[in-house]
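Asker: Predicted model follows, preceded by the sequence.
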Amino acid sequence: MRILKGDEHILMPSPVAVHGKRFWSLGILNYFSFDDPDTLLSETRMWKEVSPLFGNAPVVLDTGAFKPRGEFLLAGKCWAPRGETRVASRVRVRVGSLVKTLAVFGDRYWNLVAGMMTGITDPEPFSSMPIAWEQAFGGPDFAWNAAGKGLVPVEGPRGTRLPLPNVEYLDRLVTHPSHRPQPACFGLVDPSWKPRRDRIGTCDAEWRDTLWPGLHRDCDLRFFNWASDDQVLPGFFAGNETFEIENMNPDFPLLKGRLPAVRQRVVLERADPESGDVRIQELEVVVDTLWLFPEIRSGIVVHRAKTDSLFEDNRDILVLHVVTEAKDTQPRPVRELLETPDEHYAAKVNMPRTVEFEDMKGLDVFKPGFRERLSLVQTSMARRAVKKSILAQLPHPVMLRTPREDNAVLVAAYDRQLADQARLHESMTALIREQAGNTDAELVVLEEAMAMLRERQEILRAREKTLPDVPFEEAALPVRGSGPREPHFFGLLPAGRPSLQQAAAPPGRPAPCGLDRGRLEE
């Protein structure tokens, strides 16, 4: 698959097998600033600025899987005004018509007198408090939040005490040790916690033997939604929603913004597995996720497209085009998107193929023998990945040669080695004759090496009569190099080849060529 996209497109593809069908889902992440949402920022800048907000935890912004409804997520802290502290505060987030308000407290504990809980200690002052699942109600055995606090006593300078959560729903505060409220947070819910765990479907022996690694037919698609239910929309984002965030930036108590007014277009050039005919397919795109990062006043909006998956590696998709348009403009015809000059794309990625169409027809996740066939395909992909890394280490891009030319290069290389061995043989002979006490062991080794070289040389010269003549135009495209001179260099190669072919080579020896990447593919 060849991918044509811009620097502002962060792609998250994912295969999804659910309800007995297989899909290919594509998430397109667009990073933007609250101050200028319509100017999309680069992927490099996104990872540089967003990653520190998650600390040492893995940064998971999207898995590529499609969602049945839109949702918003937020990563940040409750901040007191810069230079100040507070013992309690509140945070409020509004996205479109959804509003969520949480109460935030400093560290608190239950008072324990003679084994009886008699009240709650005063909150300790804080300048910032993470709005994270670790600060919400929960504990190791709590189904809603295994990472939280409030159920397990902790050791401290004042002995063993039972803590209270730092973050709670404003209208559902913990007032008694027996309370078990729903945890409050803006982050993604772990798939092993309620309610996501209950939506995954039946994972029994029948599922394992017939549908794995796809999800069961009774899977609730809301499993793919990461956020708490009060952060999920009835449908998808329209793309013109506004948002407000309170008390989550030390310098801006109230942040306001809106979603980027952009439209993403996803077009596939797809080959028919039977006939090989290429057809153009534009996918429907929805906006299903909004990430907000109030501390750095930026966000990520995720556009999503999906299509039926015919093959496990999607080898029928030859080219993927991702194009951004202003939302207030008329959509351009699909043909114009395909004719966009290459310089408009900041990234060109050539994905290596694994096997032919015929070999992929049986690779169906819902058929017996899937695991064995998948293992073969994965092995093939691993081998090609190694070859690709080797090819990337070659110092200069080279022009492909025909098999006859390739054989001639090898013969020339053996000629040079034999000449070097002959000179070394003469030098060693003269040295040994000067030192009569030495043995002839060195000469024997050299003569054996020269004999092996001559034998290989004769085999290659014999192949010269049987090799086919393959025109240059029928050869595959070379692996492109990189560097400022690369486009100019590759433009000169085809133009200069006829002149090189007409140039007279030395008698009895083919025209020399450089190291060929093509031989490494054997």
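Answerer: On my side now, so go ahead. Residues are numbered from 1 along each chain as shown.

Asker: Which stretches in the protein count as helices?
Answerer: All helices of the chain, identified by DSSP state H, fall at 43-50, 196-199, 205-210, 334-338, 357-360, 370-391, 403-434, 441-463, 486-502.

Asker: quick one: buried residues of the fourth one?
Answerer: So that's helix 334-338. By 16 or more other CB atoms under 10 Å, the buried positions in helix 334-338 come out as L337. Any C-beta I mention is one placed from the backbone N, CA and C, and that applies to glycine too.

Asker: so how far is it off the chain centroid?
Answerer: 26 Å (CA atoms, centre = their mean, to the nearest Å).

Asker: Which elements pack onto that helix?
Answerer: strand 262-271, strand 278-283, strand 317-326 (3 or more CB pairs under 8 Å, 6 or more residues apart in numbering; DSSP states H and E).

Asker: can you tell me how far M428 sits from D420?
Answerer: Here M428 is placed at a distance of 13 Å from D420 (CB to CB, to the nearest Å).

Asker: Neighbour count for those two, which is higher?
Answerer: Comparing M428 with D420 by other CB atoms under 10 Å, the one with more neighbours is M428, at 16 against 11.

Asker: quick revisit: and the helices and strands packed on helix 334-338, which is most packed in?
Answerer: strand 262-271 (a mean of 20; mean count of other CB atoms under 10 Å).

Asker: Adjacent strands (with direction) for that one?
Answerer: Paired with strand 262-271 in the same sheet, following DSSP bridges, are strand 278-283 (antiparallel), strand 317-326 (antiparallel).

Asker: Which strand residues bridge P163?
Answerer: With DSSP bridges as the criterion, P163 is bridged to Y109.

Asker: Quick one, grab the pLDDT at it.
Answerer: Note on P163: pLDDT of 92.

Asker: That one contacts L112, doesn't it?
Answerer: No - judged on CB atoms under 8 Å, P163 makes no contact with L112 at a distance of 12.0 Å.

Asker: more crowded one of these two?
Answerer: Taking other CB under 10 Å, P163 and L112 do not tie; P163 has more neighbours (19 against 16).

Asker: rewinding a little: make JSON lines out of the strands paired with strand 262-271 and add distance to V445 and mean pLDDT.
Answerer: Output for these, formatted as JSON lines (distance: least, CB to CB, whole Å; pLDDT from 0 to 100):
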{"stretch": "strand 278-283", "distance to V445": "58", "mean pLDDT": "89"}
{"stretch": "strand 317-326", "distance to V445": "54", "mean pLDDT": "89"}
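
Asker: Look up how far P234 lies from K194.
Answerer: K194 is 22 Å from P234, by CB to CB.

Asker: more neighbours, those two?
Answerer: Each of K194 and P234 has its neighbours counted (other CB under 10 Å); K194 has more, 15 against 8.

Asker: about what we covered before: of the strands paired with strand 262-271, which is nearest Q135?
Answerer: Counting by CB to CB, Q135 lies closest to strand 317-326 out of these; the figure is 37.4 Å.

Asker: Number of residues surrounding E244?
Answerer: Count around E244 with other CB under 10 Å applied: 13.

Asker: just the one 4 residues further on next, same as before
Answerer: Burial of M248 is recorded as 27 neighbouring residues (other CB under 10 Å).

Asker: Lowest mean pLDDT across the helices of the chain, which one is that?
Answerer: helix 357-360 (a mean of 42).

Asker: just to revisit the earlier point, please convert the strands paired with strand 262-271 to CSV, extending it with distance to E447.
Answerer: Converted to CSV, those look like this (distance: least, CB to CB, whole Å):
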stretch, distance to E447
strand 278-283, 59
strand 317-326, 55
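
Asker: Any idea which of those gets closest to A132?
Answerer: With CB to CB as the measure, strand 317-326 is the member of these nearest A132 (32.7 Å).

Asker: Dump the closest one to PDB, restricted to CA.
Answerer: What follows is strand 317-326, C-alpha atoms only, in PDB (Å, rounded to 0.1, in the frame of the first residue of the first chain):
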ATOM      1  CA  ILE A 317      -5.600  -1.500  -1.400                       C
ATOM      2  CA  LEU A 318      -2.800  -0.200  -3.700                       C
ATOM      3  CA  VAL A 319      -2.900   3.600  -2.800                       C
ATOM      4  CA  LEU A 320      -4.400   5.500   0.100                       C
ATOM      5  CA  HIS A 321      -5.000   9.200  -0.400                       C
ATOM      6  CA  VAL A 322      -5.700  11.400   2.600                       C
ATOM      7  CA  VAL A 323      -6.600  15.000   1.800                       C
ATOM      8  CA  THR A 324      -7.700  17.900   4.000                       C
ATOM      9  CA  GLU A 325     -10.200  20.500   2.800                       C
ATOM     10  CA  ALA A 326     -11.700  23.600   4.500                       C
END
